[in-house]
Each structure stands twice: as structure tokens, then as C-alpha cells.
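Visitor: Fold the following.
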Amino acid sequence: MLGKEDEFLRDVDTFIEKLTKDANSYVKEELLKLRFKLMDLHERSLVKINHSVMELLCAKFLIQQGYTVDIEHVIEGSLICDVYGIKGEGSYIIEAETGFVPPNHALDPDTYCKARITSKISRYSNYATKFSIGTPPYYIVEVPGTFTKPPRYRSKEELQEAKNLCDLYYTSPQVDLDEINNAHLHSIVIIDIDKAVIREVDPITYMANVVYSRY
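Guide: I've put the predicted structure just below:
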């Protein structure tokens with residue numbers, strides 16, 4: 001029977017092999033670098049396989065666009081993003097969402113997930129030229145409408161509503177109104193692990209065709 005470390009390594013290697021089947025040597029080398037970082041993080045119980053494979057697929061997506069990519073990247077202090085790419089003077093952050101809801105939020109899962117998405121867009125996007133939320137096809141990300149508008153069109157009421165949502169769960173540190181007002185969302189990245197492909201959708205199209213279809 002394989003131990004947890006062996007299972008993690010087996011699954012990571014299997015997925016990287018799948019990702020690099022038709023990739024060039026540069027993509028393969030860059031993904032292998034990330035593999036070693038994931039192994040170190042897993043040994044310290046800091047990452048799990050379902051999230052790690054999402055990061056690897058996002059990393060390949062950015063590497064193929066010419067970005068130099070890191071995963072579990074320290075942005076500032078204790079703020080760590082999932083996938084960070086840099087190309088010239090531009091940067092790209094992707095936060096991969098699995099849709100996991102901890103047991104202590106079993107009675108408010110929808111509000112909790114909305115707050116988490118709002119908080120991530122508000123905090124992380126201010127550190128990158130482009131910011132995207134990554135999600136598997138089976139999880140619907142609900143993006144607050146204010147982030148589909150340029151900052152100059154966001155009302156004070158919308159900004160306060162987003163802040164109040166964040167403040168329900170994130171108070172150390174709190175998300176401030178300037179962060180929310182300056183936040184931006186480039187796209188929703190659909191992470192299809194089964195097929196090892198990514199599809200990028202603009203937030204307005206995503207909300208119109210995916211989110212609202214459930215009501």
C-alpha cells in the first residue's frame with residue numbers, strides 16, 4: 001500500500017505526464033521545477049492533490065503564453081497566491097477555487113463562498129496586471145457584479161456591500177474599500193482536469209451563461 005507521500009507523488013507525476021504529452025521541452029522543464037516545489041510543500045502538509053493539479057494546469061496555461069511561473073507564490077507577508085506569472089513588465093495571478101466549504105460553514109455555504117471570491121478578487125488583483133479566478137467545470141463561481149464594471153462606475157453602495165460581505169469572515173486584516181474599488185477581474189478560467197485543458201471566459205459572459213442559468 002502506498003503512503004500519502006507516495007500517492008501524492010504518483011498522482012502529480014501522472015498528471016504532469018498527461019500535461020506534457022504534446023508539450024515542448026521548455027514547458028516540461030518548467031513544470032518539473034514546480035513538481036519539486038509541490039513535493040516540498042506536501043511534505044510540510046501545506047498542499048493537497050486536488051488543488052495542486054489545478055495549479056499545474058494553470059501553470060502550463062501561463063507558461064505557454066510566455067510567462068515565467070511560480071506556484072504558492074509569496075506576494076507580501078502572509079499573502080500567498082496559487083499561480084503567479086511574470087512576463088516583461090506584466091504579471092498574472094490565478095487563484096484556483098475548488099468550491100470546498102469547511103464544516104463550520106455548513107449552514108452558510110453560499111454566503112461563505114461569495115465572501116471568499118469577493119475577498120480574493122479584492123486582495124490579490126491589486127498585485128497583478130491580470131487576475132483570474134480558476135474553477136473546475138462542476139463549481140459555479142458567483143462573481144459580484146461590481147467587479148464587471150470599471151472602478152469609476154462602481155457605486156459607494158456596491159463597494160460597501162462587497163466590504164460588508166468580506167467583513168463577515170475576513171477581519172485580519174480587513175479588506176478595505178480602496179482595495180475593492182481598485183480590484184479587477186480579467187477572466188474566469190475553467191480548469192478541466194479530466195481533459196487537461198483550460199478555457200478562458202470573460203466574467204460577464206460567464207455570469208450570463210453559467211451563474212444565472214441556475215435560477
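Visitor: How far off centre is the lengthiest helix in the chain?
Guide: Secondary structure of the chain per DSSP state H: the longest helix is helix 25-43. Averaging C-alpha positions (C-alpha atoms, centre = their mean, to the nearest Å) puts helix 25-43 18 Å from its chain's average.
Visitor: Mind giving me the packing neighbours of it?
Guide: If contacts are counted by 3 or more C-beta pairs under 8 Å, 6 or more residues apart in numbering; DSSP states H and E, helix 25-43 sits against helix 4-19, helix 49-63, strand 68-76. Backbone N, C-alpha and C define where each C-beta goes, glycine included.
Visitor: Output the ones you listed in a markdown table; the columns should cover mean neighbour count, distance to S91 and mean pLDDT.
Guide: What follows is the helices and strands packed on helix 25-43, written out as a markdown table (neighbours: other C-beta atoms under 10 Å; distance: least, C-beta to C-beta, whole Å; pLDDT from 0 to 100):
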| stretch | mean neighbour count | distance to S91 | mean pLDDT |
| --- | --- | --- | --- |
| helix 4-19 | 15 | 22 | 92 |
| helix 49-63 | 22 | 10 | 98 |
| strand 68-76 | 17 | 10 | 97 |
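Visitor: if you take the average position of this structure, which residue is closest to it?
Guide: The chain has E95 as the residue nearest its centroid, 1.4 Å off, counting by C-alpha atoms, centre = their mean.
Visitor: Can you name the helix or strand that that one falls in?
Guide: strand 90-96 (DSSP states H and E).
Visitor: tell me the mean pLDDT over that strand?
Guide: Strand 90-96 carries an average pLDDT of 98.
Visitor: what's the answer for stretch 117-127, then?
Guide: For stretch 117-127, the per-residue pLDDT averages 96.
Visitor: Just the residues contacting that stretch, thanks.
Guide: 75-76, 79, 81, 91, 93, 95, 97, 131, 133, 141-144, 147, 162, 165-166, 169-170, 175, 179-180, 182-185 (C-beta atoms under 8 Å, 6 or more residues apart in numbering).
Visitor: So G85 lies in a helix, does it not?
Guide: No. Counting by DSSP: H, G, I helix; E, B strand; the rest coil, G85 falls outside a helix, being strand.
Visitor: related to what we said a few turns ago, the inter-axis angle of the longest helix of the chain versus strand 68-76?
Guide: 40 degrees (axes from the mean of the first three to the mean of the last three C-alpha atoms, to 10 degrees).
Visitor: Okay, buried residues for helix 25-43 please.
Guide: V27, K28, E30, L31, L34, R35, K37, L38, M39, H42 (16 or more other C-beta atoms under 10 Å).
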